[in-house]
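In: sequence and predicted structure below; questions after.
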Amino acid sequence: MTQTACVTNYTAKLSSRIDDIDLNLEDFVQRVNADIVNKVVNLASRNAGFINKRFDGVLASELADPQLYKTFTDAAEVIGEAWESREFGKAVREIMALADLANRYVDEQAPWVVAKQEGRDADLQAICSMGINLFRVLMTYLKPVLPKLTERAEAFLNTELTWDGIQQPLLGHKVNPFKALYNRIDMRQVEALVGSL
């Protein structure tokens, strides 16, 4: 993700308008790291390792929690309208609320525990496939403001991310080995960026 994309995402979260925005650099660093890295990117990395190592990159043939997936896809209209009406803050808040739900799901299902239990391979594959499908929906929603990160997510997911496409989850689908999609930023990077403007 470029520094410009980080700024775009941060400013989108601040306000529904693009006029005069007060840019707090420390808050910017904290939000990018908390929202983009911890909530969204880590969702993929927490699940991809198990899928790649234990299932040769192949996702489960059915969703572990179809109702949760529907909650995510049902948000498409609200988020799409927010982007179209330039209510950027609303769009990003809705997406991050979904990211919280996705991470709660993974925390509650604890694939790292399931992986150590004999005879639970199907459960492990289903849980991690669900996490990856939720990541896919989140990245589709973030595509308007994070196109470069979305490209890397598409390479990992082995599919193009489209608004209509999320209605159909990835089932029995092979994903590519997970590579770091984005690294945390620190104040030095941001100060260097601001200094170059």
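Out: Done, it's in. Keep in mind the model is a prediction, meaning the values are calculated, not measured.

In: can you list contacts of stretch 114-125?
Out: Outside stretch 114-125, the residues within contact range by C-beta atoms under 8 Å, 6 or more residues apart in numbering are 50, 51, 54, 55, 58, 59, 60, 111, 127. All C-beta atoms are positioned from the backbone trio N, CA, C, and that covers glycine.

In: run the last query once more with 10 Å
Out: By C-beta atoms under 10 Å, 6 or more residues apart in numbering, the surrounding residues in contact with stretch 114-125 are 47, 49-51, 53-55, 58-61, 64, 109-113, 126-128.

In: list buried residues within those residues.
Out: Buried members of these, scored by 16 or more other C-beta atoms under 10 Å, are 47, 49-51, 55, 58-60, 64, 109, 111, 126-128.

In: among those, which are in helices?
Out: Counting by DSSP state H, the buried ones among the contacts of stretch 114-125 place 47, 49, 50, 51, 55, 109, 111, 126, 127, 128 in helices.

In: the second one and residue 112 touch, don't they?
Out: Pointing back at residue 49 there. Yes - the criterion here is C-beta atoms under 10 Å, and residue 49 meets it with residue 112 at 9.5 Å.

In: which one of the ones in helices among the buried ones among the contacts of stretch 114-125 is nearest residue 71?
Out: Nearest to residue 71 out of these is residue 109 (C-beta to C-beta; 15.8 Å).

In: could you give the average pLDDT over whichever strand or helix holds residue 104?
Out: With secondary structure defined by DSSP states H and E, residue 104 is part of helix 88-109. Average pLDDT, helix 88-109: 93.

In: counting contacts, what elements does it pack onto?
Out: With contacts taken as 3 or more C-beta pairs under 10 Å, 6 or more residues apart in numbering; DSSP states H and E, helix 88-109 sits against helix 3-14, helix 42-55, helix 66-74, helix 76-84, helix 121-142.

In: for residue 91, which of those helices is the nearest?
Out: With C-beta to C-beta as the criterion, residue 91 lies closest to helix 76-84 of the helices and strands packed on helix 88-109, at 3.7 Å.

In: specify the angle between the closest one and helix 121-142 in degrees.
Out: Relative orientation of helix 76-84 versus helix 121-142 (axes from the mean of the first three to the mean of the last three C-alpha atoms, to 10 degrees): 30 degrees.
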